[in-house]
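S.K.: need coordinates for the following:
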Amino acid sequence: MKLAEERTAPWSTIGTRLPEGTTINEAMVASGLDYTVGITDAIVDLPVNQYEAISVPFPNKRVTYRIDTMEPLGFVGNRYHVLQHRDAIPLLEALVGTGWSPLAGGTMRKGAVGWLVGALPFKPKSGEFEANLAIMNSFDMSSGLRFANTPLRPVCNNAVQLMMRGAKSSFVLKHSKHMDQRFEEAREALGIAVAYAEKLDEEIERLLDMKINLKDAKYLVNKIIPLHKVAGLKGKRFGGEMKNPSGEWKELSDKAIRIREERQDDVIRHWLTSETLDGIRDTGWGWINALNEMDQWTPRPKTSERGLAERTLLTQLNAVSGTWTQIAHKSLRDQSFRQGVAEYDSLR
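M.R.: Numbering: from 1, shown residues only. Model prediction:
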């Protein structure tokens with residue numbers, strides 16, 4: 001796992017850091033967002049024989065492309081309307097006027113996605129995160145104009161996002177010809193973001209008051225890496241996620257069980273030893289951050305540092321729900337897991 005002192009925020013790895021006081025126009029240029037996207041009919045060459053082909057339009061599809069590099073960005077529908085990055089400048093300037101401050105920006109997938117991250121005018125009581133709001137625009141139909149909360153835990157540069165009931169983590173505007181009529185609605189994104197930050201702060205304080213001991217952790221890790229059977233537990237099955245699509249239990253081989261047990265041990269070891277968890281280790285918040293660090297900073301085969309940073313940022317921007325962090329948080333929404341801990345311990 002990458003050491004804490006070697007970590008940087010995902011937007012620092014794949015984007016450009018912006019000096020304090022950077023204007024939106026300056027941010028667009030510095031972040032490489034000042035390009036124009038065109039759109040044209042999608043044409044395909046169909047082979048008549050091994051020597052000839054005919055060009056025909058692909059039905060109901062068009063292609064977006066960067067005019068400066070002539071790089072194709074994605075297939076879109078016939079009614080898709082290109083919203084240039086610069087079209088969002090009035091909105092971004094309005095956000096700056098209400099306290100949003102650009103921190104970094106950049107592109108992904110050769111310009112199919114562009115983004116800016118900025119600081120929100122919010123100071124959490126818990127002191128456990130920095131509140132940020134990101135704006136993402138795409139040209140491949142992966143998203144409309146999206147506003148997403150991208151909080152960061154500065155002590156370890158962990159990107160933090162919890163999906164909480166009653167708290168919106170993102171706000172999306174679809175690309176359409178009437179986008180300009182919705183700018184007023186989009187300004188509400190700042191209010192939504194601040195409301196999310198307030199809710200996150202409350203949730204962190206609740207989790208800081210929740211005590212987690214080693215017995216709890218050994219049970220909870222089965223929610224993250226479930227086993228079909230647990231050695232020494234009389235064949236008792238923990239972890240409902242091990243059912244196959246037909247609803248039957250999937251039988252794991254001894255090797256698969258051993259690999260999963262080793263991964264469980266890695267999680268527990270990290271939770272017990274990580275310096276970034278000092279002061280919060282034996283709390284619900286400490287447990288979630290242990291899993292969050294494993295999510296974000298564990299090396300993956302054939303994944304570069306940039307690829308890892310892109311994955312982390314896109315997880316935040318798109319509010320992905322199946323991460324270890326989200327599963328861990330779901331397990332701690334109330335105290336009901338205590339009963340499972342007691343049963344688990346009694347069978348050992």
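S.K.: got the phi and psi for Thr64?
M.R.: Backbone geometry at Thr64, expressed as degrees, to the nearest 10, gives phi -90, psi 150.
S.K.: distance of it from Gly15?
M.R.: The gap separating Thr64 from Gly15 is 21 Å, by CB to CB, to the nearest Å. To be clear about C-beta, it is placed using only N, CA and C from the backbone, and glycine gets the same treatment.
S.K.: swap in Gln296?
M.R.: 16 Å.
S.K.: so which residues make contact with stretch 194-206?
M.R.: Residues from elsewhere that reach stretch 194-206 (CB atoms under 8 Å, 6 or more residues apart in numbering): 120-122, 124-126, 128-129, 131, 149, 151, 160, 162, 164, 166-169, 284-285.
S.K.: restricted to buried residues, select these in ChimeraX.
M.R.: Only the buried entries of those go into this ChimeraX selection, using 16 or more other CB atoms under 10 Å:
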select :120,122,124,126,128,129,131,149,151,160,162,167,168,169,284,285
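S.K.: show only the entries of the contacts of stretch 194-206 found in helices.
M.R.: With helices taken from DSSP state H, the overlap with the contacts of stretch 194-206 comprises Gly284, Trp285.
S.K.: just the pLDDT for the residue nearest the centre of the chain.
M.R.: Nearest to the geometric centre of the chain sits Thr315, at 1.7 Å (CA atoms, centre = their mean). You'll see Thr315 listed with a pLDDT of 84.
S.K.: tell me the buried residues in the host helix or strand of it?
M.R.: For Thr315, the host element (DSSP states H and E) is helix 305-317. Buried residues in helix 305-317, counted by 16+ other CB under 10 Å: Leu308, Ala309, Glu310, Thr312, Leu313, Leu314, Thr315, Gln316, Leu317.
S.K.: same for that helix, what does it pack against?
M.R.: Applying 3 or more CB pairs under 8 Å, 6 or more residues apart in numbering; DSSP states H and E, we find helix 305-317 packed against helix 10-14, strand 101-108, strand 132-138, strand 145-149, strand 158-159, helix 284-297.
S.K.: from the chain's centroid, how far away is the fourth one?
M.R.: Translated: strand 145-149. 11 Å (CA atoms, centre = their mean, to the nearest Å).
S.K.: do the same with the third one
M.R.: Per CA atoms, centre = their mean, the displacement of strand 132-138 from the mean C-alpha position of its chain is 12 Å.
S.K.: cool, the fifth one as well?
M.R.: The chain centroid and the centroid of strand 158-159 are separated by 10 Å under CA atoms, centre = their mean.
S.K.: which SSE is immediately downstream of that strand?
M.R.: Note on strand 158-159: by DSSP H and E, the next helix or strand toward the C-terminus is strand 170-173.
S.K.: who does Gly106 bridge with?
M.R.: Judged by DSSP bridges, the bridge partners of Gly106 are Trp115.
S.K.: run the angle between the helix holding Thr315 and strand 145-149 for me.
M.R.: Counting by axes from the mean of the first three to the mean of the last three CA atoms, to 10 degrees, helix 305-317 lies at 90 degrees to strand 145-149.
S.K.: quick one: contacts of helix 305-317?
M.R.: 10-11, 13-14, 108, 115, 134, 136, 143, 146, 148-150, 159, 161, 170, 296-297, 299-300, 303, 320, 323.
S.K.: if we go to 7 Å?
M.R.: Applying CB atoms under 7 Å, 6 or more residues apart in numbering, the contact partners of helix 305-317 are 10-11, 13-14, 108, 134, 136, 146, 148, 150, 159, 161, 296, 300, 323.
S.K.: just the closest of those to Ala193, please.
M.R.: Ala148 (8.4 Å; CB to CB).
S.K.: residues touching that closest one, list them.
M.R.: Ala148 makes contact with Ala134, Met136, Ser169, Ser170, Gln316, Leu317, Ala319 under the criterion CB under 7 Å, 6+ apart.
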